[in-house]
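Participant: Provided below for reference: sequence and predicted model.
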Amino acid sequence: MTDWNEHVERILLSEEEIATTVKRLAEQIDKDYINEENVVLIGVLKGSVTFMTDLMRAMKTPTKIDFMKVSSYGDSTISSGNVNIVLDLNRKNLPSENLILVEDIVDSGRTLKYLVSYLLNKGAKSVKTVTLLDKPARREVDYTPEYVGQQIDNHFVIGYGLDYSEKYRTLPYVGVIKPEYI
């Protein structure tokens, strides 16, 4: 059996640093949504699942959850530039709902910029975004998430839900993958 830890060049965020970051983000969201009802966390599948689970457990704001699945990557580490909705959001009360898109990492910004516009056009009351990791050096569009856990340099990262070719999601930390494994 492969030990994924051996494929990690270095750890960027330890389990403890992730927990502290998630708690801080939950507190910020709770503060901003203290008087709001109908808050829905929308996980952008698949990478956000681990982060979203920890985030919603750390929040005090009553929330609902839902998921969307989009694809902007082919079989490589480089975004195709096109956003394809694979699993759409179908909510009856969208005009009364405050949506918070939950993403594991923001690279080009294309996906979240597209999804925010798309969901507002579908009639959502409001749409904001929260990301565990932000790579502003890779930004291709004018987009900044409202809630950012950590900004990171331009490394290909794995762990804590982040993958490369469907591997490494189960690592409990965020690490930089060794180049020979890409």
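Facilitator: Here it is on my side, so go on.

Participant: quick check: residue 157 vs residue 142, distance?
Facilitator: The gap separating residue 157 from residue 142 is 23 Å, by C-beta to C-beta, to the nearest Å. Every residue, glycine included, has its C-beta placed from N, CA and C.

Participant: the two: who's more crowded?
Facilitator: The residue with more neighbours, out of residue 157 and residue 142, is residue 157; 24 against 7, by other C-beta atoms under 10 Å.

Participant: so what's that one up against?
Facilitator: The contact partners of residue 157, by C-beta atoms under 8 Å, 6 or more residues apart in numbering, come to 12, 105, 133, 174-177.

Participant: most surrounded residue in those residues?
Facilitator: For the contacts of residue 157, neighbours tallied by other C-beta under 10 Å; top is residue 174, 29 neighbours.

Participant: surely that residue touches residue 13?
Facilitator: Yes. Counting by C-beta atoms under 8 Å, residue 174 does reach residue 13; the two are 4.2 Å apart.

Participant: what is in contact with the two at once?
Facilitator: By C-beta under 8 Å, 6+ apart, the residues touching both residue 174 and residue 13 are 133, 160.

Participant: grab the nearest non-local neighbour of residue 179.
Facilitator: Excluding its sequence neighbours, the residue lying closest to residue 179 (C-beta to C-beta, 6 or more residues apart in numbering) is residue 9, at 7.8 Å.

Participant: so what's the residue count around that neighbour?
Facilitator: As a burial measure, residue 9 scores 14 neighbours (other C-beta under 10 Å).

Participant: for it, which three-state class applies?
Facilitator: strand (DSSP: H, G, I helix; E, B strand; the rest coil).

Participant: quick one: contacts of the longest strand along the chain?
Facilitator: Determined from DSSP state E, the single longest strand within the chain is strand 63-73. Here strand 63-73 makes contact (C-beta under 8 Å, 6+ apart) with 38-46, 52, 56, 79-89, 91, 97, 100-101, 108, 110-111, 115.

Participant: packing partners for the lengthiest helix in the chain?
Facilitator: What stands out as the longest helix in the chain, according to DSSP state H, is helix 15-32. When contacts are defined as 3 or more C-beta pairs under 8 Å, 6 or more residues apart in numbering; DSSP states H and E, helix 15-32 packs onto helix 49-58, strand 126-134, strand 147-151.
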